[in-house]
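Student: Below are the sequence and a predicted model; questions follow.
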Amino acid sequence: MRQKTKLIHGGITGDEKTGAVSVPIYQVSTYKQQGVGEHSGYEYSRTGNPTRFALEELIKDLEGGYAGFAFGSGMAAITAVLMTFKQGDHIVFTDDVYGGTYRLVSQVITRFGLEASFVDTSDIANVEAALQDNTQAIFAETPTNPLLKITDLAKVSALAKQHDLTFIVDNTFATPYWQNPIEQGADIVLHSATKYLGGHSDVVAGLVVVNSQKWAEDVHFVLNSSGGILGPHDSWLLMRGIKTLGVRMEEIESNTKAFVEFLADLPEVEKIYYPGLESHKGHDVHNKQASGYAGMVSFDIGSGEKAGKLLSHTRYFTLAESLGAVESLISVPAKMTHASIPADRRRELGISDGLVRVSIGLEDIEDLKEDFLQALRQ
């Protein structure tokens, strides 16, 4: 089954009892049992819910994994995965990681005795140099947020296997439509499903896919114990969004390529970060492991003052956090999505005050160009 067909026919489709072509919303907390300890597969909706399970089966199929799990947010999904490790374990993270992930790791998870190092995982030598005797996992985000750095999944996977480490990949920007890290050797794949998978700015969710029974048992144990589950209605909304992921990603990609070409001709734009550019560091690696570039573009216009003025004048680009929606969004990472990262750390990473990040949507590309130009020239 090809990917665009799998988006619609993967997982559990319809309802055998009624013939409904859409999975029903099982808005229920508990289930009648035939006898003490005898149930039909469901006993309590924190442990398992039919609507949520249908979503979990779908993302499992899309990523080519062993099992899938749905959480109340992307951060809840990342937290659950990190909670499968124990006090004293060390994890190597991508340095240019989402600001929420950096905050979670540096200010919350480390309180419980987990150790972390942040390195540029686009260079395998950095990853290898960061390994310690107590290292248990490597966590890579590719492309990264917001500088769109690329990590070579096959190389890091080989390194992880050599040292008997778990390889975790945040696949939010690429989506399973363009990239499948488990095929490249990843053990666990994460998604902020709030973004491209949902695609309509109407649901907050996180998804995890694992490649083995052992990891399935470990993640489900944390999910059931900590309770950060996704509700049935949001599960249904997410499945509905995923059905159109293919057509959305293809149209978004077309719009994004045209927008990047437009940006390249503007003297006000100093530097563009986009994996689709041949000049982008990691372009060839990304082409090797992914079949598309998605709709995220970052660029520097020189100063925070200029960025602020630009964002105050756009009409079709909505000033908002998040990404991956049908509407185009614009933000300044240093002041918004990555504000939780200390200023000196942002400067070290290259996240300047003048860095602008856009998530290209499904509007007419000519309207987006005109809107951006009038805002820039004001």
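Tutor: Thanks, I have it.
Student: Now for Ile360: which residues touch it?
Tutor: Listed by Cβ atoms under 8 Å, 6 or more residues apart in numbering, the contact set of Ile360 reads Ile252, Asn255, Thr256, Phe259, Gly295, Met296, Val297, Ser328, Leu368. No exception for glycine: its C-beta is placed from N, CA and C like everyone else's.
Student: should've said Asp202
Tutor: Neighbour list for Asp202: Leu237 [criterion: Cβ under 8 Å, 6+ apart].
Student: helices or strands up against the longest strand anywhere in the chain?
Tutor: Determined from DSSP state E, the single longest strand within the chain is strand 135-141. Using 3 or more Cβ pairs under 8 Å, 6 or more residues apart in numbering; DSSP states H and E as the contact test, the elements touching strand 135-141 are strand 90-94, helix 153-162, strand 166-170.
Student: what mean pLDDT would you report for it?
Tutor: Mean pLDDT, computed over strand 135-141, is 98.
Student: Output that strand as CSV, restricted to C-alpha atoms.
Tutor: Backbone C-alpha positions of strand 135-141 (Å, rounded to 0.1, in the frame of the first residue of the first chain) are rendered in CSV as follows:
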residue,chain,number,x,y,z
THR,A,135,24.9,7.2,27.8
GLN,A,136,21.7,5.3,27.0
ALA,A,137,20.2,7.2,24.1
ILE,A,138,20.6,9.7,21.3
PHE,A,139,17.7,12.1,20.6
ALA,A,140,17.8,13.8,17.2
GLU,A,141,15.4,16.3,15.6
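Student: Run the angle between that strand and helix 153-162 for me.
Tutor: Orientation of strand 135-141 against helix 153-162 (axes from the mean of the first three to the mean of the last three Cα atoms, to 10 degrees) gives an angle of 170 degrees.
Student: Relative to the whole chain's centre, how far out is strand 135-141?
Tutor: Strand 135-141 sits 16 Å away from the centroid of its parent chain (Cα atoms, centre = their mean, to the nearest Å).
Student: And for stretch 26-33?
Tutor: Centroid separation between stretch 26-33 and its chain, computed with Cα atoms, centre = their mean, is 31 Å.
Student: And for stretch 63-74?
Tutor: 12 Å.
Student: about what we covered before: of the helices and strands packed on strand 135-141, which approaches Ile182 most closely?
Tutor: strand 166-170 (8.4 Å; Cβ to Cβ).
Student: next SSE after the closest one?
Tutor: As assigned by DSSP states H and E, the chain's next helix or strand after strand 166-170 is helix 175-178.
Student: pLDDT on that next one, on average?
Tutor: 98.
Student: who touches it?
Tutor: Here helix 175-178 makes contact (Cβ under 8 Å, 6+ apart) with 3, 7, 59, 62-63, 189, 191, 196-197, 245-246, 249, 290-294, 324.
Student: Each with direction, which strands does the longest strand of the chain pair with?
Tutor: Sheet pairing of strand 135-141 (DSSP bridges) gives strand 90-94 (parallel), strand 166-170 (parallel).
Student: In CSV: those, plus mean neighbour count.
Tutor: As requested, the strands paired with strand 135-141 are exported to CSV (neighbours: other Cβ atoms under 10 Å):
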stretch, mean neighbour count
strand 90-94, 24
strand 166-170, 25
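Student: pretty sure Lys6 contacts Ile59?
Tutor: No: counting by Cβ atoms under 8 Å, Lys6 sits too far from Ile59 to count as a contact (10.8 Å).
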